[in-house]
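Asks: Sequence unavailable; structure follows:
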């Protein structure tokens with residue numbers, strides 16, 4: 001996964017969503033895709049599939065399973081995945097899609113695991129240090145959490161995905177694992193917003209530095225009336241362009257500057 005400066009990515013995504021909204025008056029819900037073959041398969045099947053219905057490997061399968069978010073489609077409010085992870089291909093839906101989706105007003109996986117680390121930091125520092133001392137990569141991730149400067153210390157970043165196996169092992173082997181599961185449940189409830197509160201929150205926060213995370217536990221059809229088009233970063237490959245023109249000519253495409261018809 002590409003390492004991108006957090007503060008710069010926030011500025012970029014706010015500029016993108018403001019630019020997009022100024023041209024079409026739509027606040028987009030976005031599913032990002034990094035690989036062309038996956039994107040082409042979505043276009044061919046007119047469907048974004050949940051993991052159990054497709055063959056592609058997930059990035060953080062173990063951690064998502066603990067949270068209960070392993071078999072779902074991830075979407076963001078605005079262009080979070082495009083700017084934070086440099087995902088080239090992005091599929092856009094309007095806000096009415098929120099009626100059938102789970103909405104967390106901050107990234108649910110990150111908030112759950114950050115809460116666990118904060119619990120260890122406060123009540124079991126030796127256990128947290130044991131994780132940090134396990135190997136060089138764990139030490140680097142934990143030191144980044146401790147010492148990396150941010151505009152707000154509340155935004156300290158724990159990059160659990162870089163040490164997923166070791167971190168999940170620490171959770172599963174913890175003596176009071178039930179307490180950690182309780183923390184996960186509390187955090188999920190804290191950040192969850194049901195429709196129409198989710199839509200109200202999206203309208204207020206779409207161009208802020210908040211990062212709502214939106215989950216679908218069902219396949220999403222591109223024939224849905226709330227699917228509006230695409231944001232593709234950089235040059236569009238000819239084979240992709242051909243599929244778009246043949247099958248999605250009535251949709252819009254955003255290049256980061258202009259919103260156009262395909």
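Replies: Looks like it came in fine. These numbers were taken from a predicted model, which means no experiment stands behind them. Numbering: from 1, shown residues only.

Asks: Now do stretch 238-257: distance to the chain's middle.
Replies: Remark: stretch 238-257 is offset 23 Å from the chain centroid, using Cα atoms, centre = their mean, to the nearest Å.

Asks: ranges for the strands of this protein?
Replies: With DSSP state E as the criterion, the chain has strands at 29-33, 47-48, 73-77, 89-93, 102-104, 192-193, 213-216, 220-221, 227-232, 252-254, 259-261.

Asks: For the second one, which strands pair with it and how are they oriented?
Replies: Pairing partners of strand 47-48, with direction, according to DSSP bridges: strand 220-221 (antiparallel).

Asks: Which residues does the partner strand contact?
Replies: 31, 46, 47, 48, 73, 93, 227 (Cβ atoms under 8 Å, 6 or more residues apart in numbering). C-betas here are computed from N, CA, C, even on glycine.

Asks: Break this structure into its domains for me.
Replies: 6-61+69-106+201-261, 108-190 (automatic domain parsing).

Asks: Centre of the chain to the shortest one, how far?
Replies: Right, domain 108-190. That offset, for domain 108-190, works out to 19 Å (Cα atoms, centre = their mean).

Asks: do the same with the first one
Replies: Centre-to-centre, domain 6-61+69-106+201-261 and its host chain are 10 Å apart (Cα atoms, centre = their mean).

Asks: pLDDT averaged over it, what's the number?
Replies: On average, the pLDDT along domain 6-61+69-106+201-261 is 94.

Asks: List the contacts of residue 23.
Replies: Contacts of residue 23 (Cβ under 8 Å, 6+ apart): 258, 259.

Asks: do that again at 6 Å, thanks
Replies: Listed by Cβ atoms under 6 Å, 6 or more residues apart in numbering, the contact set of residue 23 reads residue 259.

Asks: so the helix ranked longest in the chain versus strand 73-77, what angle?
Replies: Longest helix of the chain, by residue count under DSSP state H: helix 6-24. If you take axes from the mean of the first three to the mean of the last three Cα atoms, to 10 degrees, helix 6-24 sits at 80 degrees to strand 73-77.

Asks: which residues of this protein fall in helices?
Replies: 6-24, 36-45, 61-67, 80-84, 108-123, 125-132, 136-147, 164-172, 177-191, 197-205, 238-247.

Asks: Check which helices and strands the third one is in contact with.
Replies: Which is helix 61-67. Helices and strands touching helix 61-67, by 3 or more Cβ pairs under 6 Å, 6 or more residues apart in numbering; DSSP states H and E, are helix 164-172.

Asks: What is the helix it packs on packed up against?
Replies: Packing partners of helix 164-172 (3+ Cβ pairs under 6 Å, 6+ apart): helix 61-67.

Asks: follow-up on the earlier one: tell me the most buried of the helices of the chain?
Replies: Stretch with highest mean neighbour count among these: helix 80-84 (a mean of 23; mean count of other Cβ atoms under 10 Å).

Asks: Name the surrounding residues that touch that helix.
Replies: 9, 12, 13, 32, 87, 90, 211.

Asks: any chance you could read off phi and psi for the fifth one?
Replies: Read it as residue 87. Per-residue torsions, residue 87: phi -70, psi 130 (degrees, to the nearest 10).
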